[in-house]
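Visitor: Pasting the sequence and the predicted model now:
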Amino acid sequence: MQTCPLCKELNGNNRDVCLKCGTPLKGKAPPCIITTGHNVEGYKVVKYHGIVYGKTTFSDLFFYQEKPKEEASFNSALLKATQSLLDQAAKKGANAVIGINTQFYNTGTGALGIKLMVCILSGTAVTVISD
């Protein structure tokens, strides 16, 4: 049996999170669930940790590249912003982020006339447990 470090509830050895409060057990957080929805099918939100966001800045040079390279640059920016969001959620003790919103902005022209773009993801960090 494992004892939750937060609420002191006894939990089985095969659990990743406390059944009572959702706190990660075994010294590591379970994989993080991310969704644009406001709930996760088959899970119950047991704790709200607040808003988290991820941001990355990139240039529009990819608009002038071949299609595969353009897509790779775009996806790379999105992945970096997503990882930043997940890092914030993990620091708050969350195992899921719900209500994900993605925005891309043109921030204007930087040095050498290169347009800079920003990718921002935001959502609500939560702790969920299986229903």
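Guide: Yep, it's here. Keep in mind that what you see is a predicted model, and the values were worked out from it rather than measured.
Visitor: what about the strands in the chain?
Guide: Remark: strands assigned in the chain by DSSP state E are 2-3, 10-11, 33-34, 43-59, 96-109, 115-130.
Visitor: what domains does the record give for this structure?
Guide: Here the domain assignment for the chain is 1-30, 31-130, based on automatic domain parsing.
Visitor: Flag the shaky bits of this protein, pLDDT-wise.
Guide: Within the chain, the stretches with pLDDT under 70 are 16-24, 26-31, 60-73, 110-111.
Visitor: swap the cut-off to 90 and go again
Guide: 1-33, 39-42, 56-80, 82-83, 86-87, 90, 93, 104-119, 129-131 (pLDDT under 90).
Visitor: center of it, which residue is that?
Guide: residue 86 (3.2 Å; CA atoms, centre = their mean).
Visitor: ok, the residue lying closest to residue 81 once chain neighbours are set aside - contacts?
Guide: Using CB to CB, 6 or more residues apart in numbering and skipping the chain neighbours, the partner closest in space to residue 81 is residue 54 (4.0 Å). (C-beta placed from N, C-alpha, C; glycine too.) Residue 54 makes contact with 80, 81, 82, 83, 84, 85, 86, 87, 88, 120, 121, 122, according to CB atoms under 8 Å, 6 or more residues apart in numbering.
Visitor: Can you give me the distance of residue 54 to residue 122?
Guide: 8 Å (CB to CB, to the nearest Å).
Visitor: Which residues are in contact with each of those two?
Guide: residue 85.
Visitor: that older thread, give the bridge partners for the residue nearest to residue 81, please.
Guide: For residue 54, the beta-bridge partners are residue 121 (DSSP bridges).
Visitor: residues contacting the nearest residue to residue 36 once chain neighbours are set aside?
Guide: Nearest residue to residue 36, sequence neighbours excluded (CB to CB, 6+ apart): residue 100, at 4.8 Å. Residues in contact with residue 100, defined by CB under 8 Å, 6+ apart, are 34, 35, 36, 85, 121, 122, 123.
Visitor: From residue 6, how far out is the closest residue to residue 88 other than its chain neighbours?
Guide: Nearest residue to residue 88 in three dimensions, chain neighbours excluded: residue 52, at 4.1 Å (CB to CB, 6+ apart). Going from residue 52 to residue 6 by CB to CB gives 20 Å.
Visitor: Cheers, nothing more for now.
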